[in-house]
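S.K.: I would like the atomic coordinates for the input below:
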Amino acid sequence: MVKIQIPDRDASARAFAALIRRGRVDCYRDNIYVIPEPGLELLGDMGIPFVELGRGGLDYAEKALRDSAAAPVQ
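M.R.: Numbers count the residues shown, from 1 in each chain. Next up is the predicted model:
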């Protein structure tokens, strides 16, 4: 699994529509996604620029979800 950000909103919408047809996609705010590695090739073929934020196994997506749901401590 790879955590990426697609800065352009229109490109992000096109990428999401294509990626969900090919496998698991976890979405987070600010156009951040956790996708399988083959999704990177699809984005390249579509000409959609992205920023890679990290890589991990299947538990990587679960950790990203837990971290995003945690309430900030004040």
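S.K.: For this protein, which helix or strand comes out least confident on mean pLDDT?
M.R.: helix 58-69 (a mean of 65; mean pLDDT, DSSP states H and E).
S.K.: Next up, the contacts around the residue nearest the centre of the chain.
M.R.: Nearest residue to the geometric centre of the chain (Cα atoms, centre = their mean): residue 33, 1.5 Å. Residues in contact with residue 33 (Cβ atoms under 8 Å, 6 or more residues apart in numbering) are 3-6, 15-16, 19, 25-27. From N, CA and C alone the C-beta is placed, and that goes for glycine too.
S.K.: What about those residues, which are in strands?
M.R.: Among the contacts of residue 33, the ones falling in strands (DSSP state E) are 3-5, 26-27.
S.K.: out of these, which are buried?
M.R.: Using 16 or more other Cβ atoms under 10 Å as the burial test, those include 3-4, 26 as buried.
S.K.: Now tabulate the residues you listed in CSV and tack on pLDDT and distance to residue 45.
M.R.: What follows is these, written out as CSV (pLDDT from 0 to 100; distance: Cβ to Cβ, whole Å):
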residue, pLDDT, distance to residue 45
3, 93, 20
4, 94, 15
26, 89, 21
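S.K.: And those residues, which is closest to residue 52?
M.R.: Minimum distance to residue 52 across these is 5.5 Å, recorded for residue 4 (Cβ to Cβ).
S.K.: rewinding a little: reformat the contacts of residue 33 as a markdown table; add distance to residue 55.
M.R.: Below are the contacts of residue 33 laid out as a markdown table (distance: Cβ to Cβ, whole Å):
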| residue | distance to residue 55 |
| --- | --- |
| 3 | 7 |
| 4 | 10 |
| 5 | 14 |
| 6 | 16 |
| 15 | 18 |
| 16 | 20 |
| 19 | 16 |
| 25 | 16 |
| 26 | 14 |
| 27 | 18 |
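S.K.: Residue 57: which of these is nearest?
M.R.: For the contacts of residue 33, the nearest to residue 57 is residue 3 (12.1 Å; Cβ to Cβ).
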